[in-house]
Structure formats: C-alpha cells, structure tokens
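S.K.: model this:
(one chain, ligands or ions: 1)
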Amino acid sequence: MKKIIENDINISASVSCMDLCHLKKDMEEVEKSGVSFYHFDVVDGKFNRCFILGEPTLKCMSKETDLPIEVHLAVYEPEKFIENYAKNGADYIAVHYEAVKNFNKIFGMIRHYGAEPILAYKSTTPPGEDFISLAKEVPWILKLTVNPGFSGQKMQTTAVKHIRQMRKMLNDADLKTRIQADGNVNVSTIPIIVKAGADILTGGTSGLFLENYTVKKCCSKMIEAAKNAM
Ligand SMILES: O=C(CO)[C@@H](O)[C@H](O)COP(=O)(O)O
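M.R.: This next block holds a predicted model:
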C-alpha cells in the first residue's frame, strides 16, 4: 500500500469535486500541486441520498497515480464493500462510526486486504466514550464538516465543536492521532478548523478546485492559511 508523507498540514483532493470528464488531466494538475492524497467518496444511497464514485473509477485512478487513495465508505454494512475497494486500489479505507458494530472485525478486515483503517464521523456525531480507544487504532480521524456526499454546502459549527473536543481528548490522552476535516474547507474556514485541531484538510469545490486558479495555487493558499493559524 502507498502511505502518505506526513507534513504539519496535509491536503487531500476530493475526487468527486474534480472534472470527471477530464479526470486524467485533472489528476496531472493535482499531482504537481502539493496535494498528499486523493479522497474518494463512496455513498450507498442510504447513508445519504446519492451515489458518487465506484470501483471502476478507483481502479482506473489507482493505475495512473503514485499518490495514496483514501476511500471514504459513507455506507451502512461496510463489510460488503471493503474487499472490492481494497483490491481495486484503496490504500486507506474510512468506515463510519455510525455504521460499524464491531470495530475489531472491520479494522481487521481492512488490514487483511492490505489497506489501513480510518475512522469517520458524520458532522452531527460527537466523539463517544470509546473515542480514545478507537483513535489508537488509526492514523487519523475523518471528521465530516458537512453532510456526506454533496459538495457546495456550508460548514457546520457543531462539527467544528466536535473537532475541538476530539483534539482535547487526544491531547489529554497524549495521542498524536491526526484529524481530517472534509467539507467546505477553504481559506476562510481553514483558520477556524485548524485552530480547533484539524491537520489534514480535504479540498473540494470551495477550496481546491476553483475556476481561474490552478490546483497548485489553491493548494499553496490552503497550506498558507493553515500555517498562519497554527
Ligand atoms: O463531497 C464532499 C462532501 O461529502 C467532500 O468530499 C468535498 O470535500 C466537498 O467539498 P466542498 O464542495 O464542500 O468544498
């Protein structure tokens, strides 16, 4: 599996926000921009009322890139999806706190198929009592800051509050687990979420893929805004 190169701040690119008619061309731009990995959204139509990306696209992308790919399974019953996504190129597989009953089993399954597990929380879900024990199992927590599956939403203040709580709980437990913020991440919202404790930032339509700007320019602006807030 491909691993991310860890920096103080890492930027990931949300694939669903790329130009899917010219994906290869957009990938070339992403790969010279400073982005550390791809964020690949999979929704089952029940977790939220949409379907976005699937295995054939992942398979094509993984053959064409040296960057790691995080597959975000915004699905119920993730056990039905893990094997296929891992075999088609997922390096990291994020499963939802709201959808997993047995974390040992699901994290074990992800590792068995050669990927690394990530724990995801919806924007409305606070960290529970098991947060620290689960955070020890993963390199980062994926915290949605909008509802899953749709671009162009406004960041939810509750989600920012949860990031702050998570970072405090991690600090109190002396854990360096990272926190990824996903949804409406841009130069205006970055100071707030970085101060709250996020250090992996997923760029989409509002932050990374902006008309009239290169991905490289947007990525540098995101990193600069984050560093100024640290
Ligand atoms: O698709 C989603 C939301 O689930 C994200 O992966 C993107 O990050 C959205 O980016 P913005 O359009 O909110 O900037």
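S.K.: okay, CA-based contacts and neighbour counts for the rest of this
M.R.: Noted.
S.K.: beta partners of Ile11?
M.R.: Leu201 (DSSP bridges).
S.K.: contacting residues for it?
M.R.: By Cα atoms under 8 Å, 6 or more residues apart in numbering, Ile11 lies in contact with 34-37, 200-203, 219, 222-223.
S.K.: repeat that for Met109.
M.R.: With contacts defined as Cα under 8 Å, 6+ apart, Met109 is in contact with 79, 82-83.
S.K.: mind telling me what element it is part of?
M.R.: helix 103-112 (DSSP states H and E).
S.K.: now do whichever helix or strand comes after that helix: which elements does it pack against?
M.R.: Once helix 103-112 ends, the next helix or strand along the chain (criterion: DSSP H and E) is strand 116-121. Judged by 3 or more Cα pairs under 8 Å, 6 or more residues apart in numbering; DSSP states H and E, strand 116-121 is in contact with strand 92-96, helix 103-112, strand 140-144.
S.K.: so the helix holding Met109 versus strand 92-96, what angle?
M.R.: Angle of helix 103-112 versus strand 92-96, following axes from the mean of the first three to the mean of the last three Cα atoms, to 10 degrees, is 160 degrees.
S.K.: thinking again about what came up before, pick the most deeply packed of the helices and strands packed on strand 116-121.
M.R.: Comparing the helices and strands packed on strand 116-121 by mean neighbour count (mean count of other Cα atoms under 10 Å), strand 92-96 ranks first with a mean of 27.
S.K.: and that strand, does that touch the ligand?
M.R.: No. Strand 92-96 stays clear of the ligand (Cα under 6 Å from any ligand atom), getting no nearer than 12.3 Å.
S.K.: in terms of secondary structure, what does that strand contact?
M.R.: Here strand 92-96 touches strand 69-74, strand 116-121, going by 3+ Cα pairs under 8 Å, 6+ apart.
S.K.: tell me which of those sits most buried.
M.R.: Sorting those by mean neighbours (by mean count of other Cα under 10 Å), the first place falls to strand 69-74, with a mean of 26.
S.K.: residues contacting that one, please?
M.R.: With Cα under 8 Å, 6+ apart as the test, strand 69-74 has contacts from 37-44, 47-48, 62, 81, 85, 89-96, 120, 148-149.
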